[in-house]
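Trainee: Have a look; sequence and predicted model below, questions after that.
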Amino acid sequence: MTAVVLVHGLYHRPAHFALVAERLRTAGTEVLAPELHRGSLAADTAAVQAVVDSLPDPPTVLGHSYGGSVITGLRGVGHLVYLAAFVPDVGESAAGLGGASPQLQDAIDLEPDGSTSLHPGRAADTLYGDCPEPLAAWAVGLLRAQAPGCGRGIPEHHSWKHTPSTYVVCGQDRALDPVLQRRMASRCTDARVWQTGHCPFVGRPGLVIELLQELLAAAPDQPGGGCATAP
């Protein structure tokens, strides 16, 4: 069994994947969820690439939202999963593809140091509007400020052009237009549509777990199948 690497989006943290990661680990899958917020797309991609390179076998890698730009630049991956995520082509960035919806833009607050943060009430409705209130409150409490410029980063490599990939369109998404998601999904090997909001790993973790387990079960056997544990 190969490892699973979970790559979060802007404003998020690895802890947002806790409901998925804990259940996958309980089922015997090793999971890594690296921290981004390194200051640029290039730095974020390098941080995740280091995790991928530390593994004995090519992992299944899931990127959420901006995390799609990050996983696009990776090498040595067995399967890519784009979860309501950006799939940039040559010369494209997340911002250039369409970026945040007007509703998400309304939730963004500018901080004195030039970073941005999300207004808690507006973020709850935009990102986690389909989640039970306690879960939404938990997820909002984990959000952190975001350095500027990451969404304008352009990947130097485009892994989806030669690596099997699955796109998940979140049909009730209020942060990233589902129409744009469907257009980006056409670049991937396979596509699914879930009637969820932007963050199903919070509100519908079972869907994410089932998909990842399906992909792991379908992966070809590889020698030396040990996996690392997430930091």
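Mentor: Right, received. Where do you want to start?
Trainee: Residue ranges in the chain under the pLDDT threshold?
Mentor: Within the chain, the ranges that satisfy pLDDT under 70 run 1, 221-231.
Trainee: What segments of it are strands?
Mentor: Using DSSP state E, the strands of the chain run over 4-7, 31-32, 60-64, 79-83, 108-110, 116-118, 165-170, 190-194.
Trainee: And the helices in this protein?
Mentor: In the chain, the helices defined using DSSP state H lie at 18-26, 41-53, 67-72, 94-97, 102-107, 120-128, 133-142, 178-185, 200-203, 205-218.
Trainee: how about the fourth one: buried residues?
Mentor: Going by neighbour count (16 or more other CB atoms under 10 Å), the buried part of helix 94-97 is 94, 95, 97. Every C-beta, even on glycine, is put in place using the N, C-alpha and C of the backbone.
Trainee: any idea how far residue 28 is from the last one?
Mentor: Distance, residue 97 to residue 28, by CB to CB, to the nearest Å: 37 Å.
Trainee: likewise the second one?
Mentor: From residue 95 across to residue 28, the span is 39 Å (CB to CB).
Trainee: Go through the helices of the chain and pick out the most buried.
Mentor: The highest average neighbour count among these, using mean count of other CB atoms under 10 Å, belongs to helix 67-72 at a mean of 30.
Trainee: What is that helix packed up against?
Mentor: When contacts are defined as 3 or more CB pairs under 8 Å, 6 or more residues apart in numbering; DSSP states H and E, helix 67-72 packs onto strand 4-7, helix 41-53, strand 60-64, strand 79-83.
Trainee: tell me which strands and helices the longest one is in contact with?
Mentor: The one in question is helix 41-53. Against helix 41-53 (3+ CB pairs under 8 Å, 6+ apart) you get strand 4-7, helix 67-72.
Trainee: any idea of the angle that helix forms with strand 60-64?
Mentor: Angle, helix 41-53 to strand 60-64, by axes from the mean of the first three to the mean of the last three CA atoms, to 10 degrees: 150 degrees.
Trainee: Distance from the chain centre to helix 41-53, please.
Mentor: In terms of CA atoms, centre = their mean, to the nearest Å, the centre of helix 41-53 is set 14 Å apart from its chain centre.
Trainee: So what touches that helix?
Mentor: With contact meaning CB atoms under 8 Å, 6 or more residues apart in numbering, helix 41-53 is reached by 5, 7, 32, 34-38, 58-59, 61, 69-71, 73-77, 93, 150, 152-156, 228.
Trainee: try 7 Å
Mentor: Residues external to helix 41-53 that are found in contact with it (CB atoms under 7 Å, 6 or more residues apart in numbering): 5, 7, 32, 34, 36, 38, 59, 69-70, 73-77, 150, 153, 155.
Trainee: Just the buried subset of these, please.
Mentor: By 16+ other CB under 10 Å, the contacts of helix 41-53 give 5, 7, 32, 34, 36, 38, 59, 69-70, 73-74, 77, 150, 153, 155 as buried.
Trainee: what sits opposite the spatially most central residue of the chain in the beta ladder?
Mentor: When CA atoms, centre = their mean is applied to the chain, the residue found nearest the centroid is residue 64 (1.7 Å). Counting by DSSP bridges, residue 64 is bridged to residue 83.
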